[in-house]
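Chemist: A predicted structure for the sequence below; I have some questions about it.
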Amino acid sequence: MSKFFDITVDGKSFECNSEKHLLESLHNKSPKAPKGCHNGGCGICKIKVSKGKYESIIMSRKHISQEEENSGVVLACRVFPKSDMEIQFIAKPKKITYTIGD
Ligand code: FES
């Protein structure tokens, strides 16, 4: 059964469903939530959890080291809230350089 928890992102709180991963709940609510793959592949949804309980599913070591995972750095699209939480999005968007013509 779904429960709802308050997830605070940089001081603003949003109600999120415990059955949905955090990015799914936040992507239309918080302007801080990045657009990403929603399946653990791109790493853009990296967050630091400063308070709260959550369950996570497997995350690629390419994006989250064991040390990061142990310290509450996780991917929002791999995490389901189990209490009210406080988080920060911490991934920096990658710069892409385009060269047009020569
Ligand atoms: S949105 Fe791509 S890893 Fe989470």
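Modeler: Perfect, thanks for sending it.

Chemist: So for stretch 40-59, what gets flagged as buried?
Modeler: 40, 42-47, 49, 52, 54, 59 (16 or more other CB atoms under 10 Å). Heads up, the C-betas are built off the backbone N, CA and C, glycines and all.

Chemist: Ser83: which of those residues is nearest?
Modeler: Gly52 (4.8 Å; CB to CB).

Chemist: Quick check: pLDDT value at the closest one.
Modeler: Confidence at Gly52, expressed as pLDDT, is 98.

Chemist: Determine which two of the buried residues of stretch 40-59 are furthest apart.
Modeler: Longest span within the buried residues of stretch 40-59, CB to CB: Cys42 and Gly52, 23.9 Å.

Chemist: Now do Ser2: how many residues are near it, please.
Modeler: 7 (other CB atoms under 10 Å).

Chemist: Would you mark the buried spots in the helix or strand encompassing Asp6?
Modeler: Secondary structure from DSSP states H and E places Asp6 in strand 4-9. By 16+ other CB under 10 Å, the buried positions in strand 4-9 come out as 5, 7-9.

Chemist: Format the residues you listed as a markdown table; extra columns: pLDDT and distance to the ligand.
Modeler: A markdown table is the format used below for the buried residues of strand 4-9 (pLDDT from 0 to 100; distance: CB to the nearest ligand atom, whole Å):
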| residue | pLDDT | distance to the ligand |
| --- | --- | --- |
| Phe5 | 98 | 19 |
| Ile7 | 98 | 15 |
| Thr8 | 98 | 19 |
| Val9 | 97 | 15 |
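
Chemist: What's the separation between the closest residue in space to Thr8 that isn't next to it in sequence and the ligand?
Modeler: Sequence neighbours aside, Glu86 is the residue nearest to Thr8 in space, at 4.5 Å (criterion: CB to CB, 6 or more residues apart in numbering). According to CB to the nearest ligand atom, to the nearest Å, Glu86 stands 19 Å off from the ligand.

Chemist: I'd guessed Glu86 sits against Ser50; true?
Modeler: Yes - taking CB atoms under 8 Å as the definition, Glu86 is a contact partner of Ser50 at 4.7 Å.

Chemist: Tell me how many other residues crowd the closest residue to the ligand within the chain.
Modeler: Going by CB to the nearest ligand atom, the ligand is nearest to Gly36 of the chain, at 2.6 Å. Neighbours of Gly36 under the rule other CB under 10 Å: 19.
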